[in-house]
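Chemist: give the three-dimensional model of this entry:
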Amino acid sequence: MGFDFLNDRSARPRGRVRVFRRGRPAWLLCGAAAAVVLVGGCGDGGEGAATSPPAATATGSPRTEQPGSPGGTGGTGATGNLTGDRAERQALVSASKVGYGQAVDDAVAEVDGGKLVDIELDRGRGSDPVWEAKVAAPDGTVHEVTLDAVSGDVLRSQEESGHSADDRKEVTDLITRAEVSPDEAGTIATGRKKGGRVIGAELDHHDGREDHDGQEGQGGGNPVWKVEVVTPGDWNLTTYDIDAVSGDVLSESVDRD
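Modeler: Down below sits the predicted model:
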């Protein structure tokens, strides 16, 4: 996978608890300094609570937002019947009030001309939910933005350091080639998983599978959106790889842990 210079997501502020992206490749992370993570797009499938069905809002790009609500639906949604990551997902999603689409908009607004490249709902210090985002400026510099997922306040916004001209060129190339917005990628994902909540999205290189035109590899393939959707009720995590040029769903994988 590309962007090896930013490939270590372990560089996170102390006190943070990573809940969702276990073992998932990620390309945007601060290589030289411990940094907050995430970047997203303005996607549909807003994050927020647990059981109420998604309510469509029509502002700008298509988006689905869900308000926060505690608890799950059905027997498998009850916290007492869940273990491990699923219980964590339920607790975090239920506590959040700011949806995915709004989080993307607020993060991008922190950078003039910025484009979301990674975003994730996660736990901050004190276990409060936060949206951690990475936003790329037109010149390829990457900015870290952390939002309070309850109040919507911007907790942190700063430019990452230590990236070379080649690094910035790689980022610029990726955001230039992507024609599907984060909002659109979220809409596509939640269209496949009714009632799901988008809790993360990442713009990445092609992972080596063949493209539709038969090309293979990280350089020749289209960029992809990796969109993570939590399903209230069972609280499973489904990851969709979505072609960031055509909008085609390339793969779907479910984490039931």
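Chemist: this protein: helices as residue ranges?
Modeler: Under the criterion DSSP state H, the chain carries helices at the ranges 74-77, 84-95, 100-108, 165-177, 182-192.
Chemist: distance check, residue 111 against residue 199.
Modeler: 22 Å (Cβ to Cβ, to the nearest Å). Quick note: C-beta positions are derived from backbone N, CA and C, even for glycine.
Chemist: same question but for residue 85, I mixed them up
Modeler: Taking Cβ to Cβ, one finds residue 85 at 12 Å from residue 199.
Chemist: compare the two (neighbour count), which wins?
Modeler: residue 199 (31 against 17; other Cβ atoms under 10 Å).
Chemist: what are the bridge partners for the nearest residue to that one once chain neighbours are set aside, then?
Modeler: Closest residue in space to residue 199, ignoring its immediate chain neighbours: residue 121 at 4.3 Å, by Cβ to Cβ, 6 or more residues apart in numbering. Counting by DSSP bridges, residue 121 is bridged to residue 131.
Chemist: I'd say residue 121 and residue 200 touch.
Modeler: Yes - proximity of residue 121 to residue 200 meets the contact threshold set by Cβ atoms under 8 Å, at 6.5 Å.
Chemist: and residue 139, how many neighbours does it have?
Modeler: 11.
Chemist: which residues touch it?
Modeler: Contact partners of residue 139, counting by Cβ atoms under 8 Å, 6 or more residues apart in numbering, are 168, 172.
Chemist: pLDDT score assigned to it?
Modeler: Note on residue 139: pLDDT of 95.
Chemist: how about it, phi and psi?
Modeler: phi -90, psi 0 (degrees, to the nearest 10).
Chemist: is residue 146 bridged to anything, and to what?
Modeler: Counting by DSSP bridges, the residues bridging with residue 146 are residue 132, residue 156.
Chemist: hang on, it packs against residue 129?
Modeler: No - using Cβ under 8 Å, residue 146 is not in contact with residue 129, being 11.1 Å away.
Chemist: residue 199 versus the closest residue to residue 206 other than its chain neighbours, what's the distance?
Modeler: In this structure, residue 206 finds its nearest non-sequential neighbour in residue 221, 2.6 Å apart by Cβ to Cβ, 6+ apart. Separation of residue 221 from residue 199 (Cβ to Cβ) stands at 25 Å.
Chemist: and the pLDDT for residue 227?
Modeler: 98.
Chemist: show me the contacts for it.
Modeler: With Cβ under 8 Å, 6+ apart, residue 227 has these contacts: 43, 185-186, 188-189, 198, 200-201, 239-240, 242.
Chemist: change it to 6 Å
Modeler: In this structure, residue 227 makes contact with 185, 189, 201, 240, judged by Cβ atoms under 6 Å, 6 or more residues apart in numbering.
Chemist: can you count the residues close to the nearest residue to residue 86 once chain neighbours are set aside?
Modeler: Excluding the flanking residues, the one nearest residue 86 by Cβ to Cβ, 6+ apart is residue 235, at 3.9 Å. Using other Cβ under 10 Å, residue 235 is surrounded by 25 other residues.
Chemist: for residue 253, see how far away residue 235 is.
Modeler: For residue 235, the distance to residue 253 - Cβ to Cβ - is 16 Å.
Chemist: please apply the same query to residue 205.
Modeler: 18 Å.
Chemist: check residue 104 too.
Modeler: Residue 104 is 23 Å from residue 253, by Cβ to Cβ.
Chemist: again, but for residue 187
Modeler: 19 Å.
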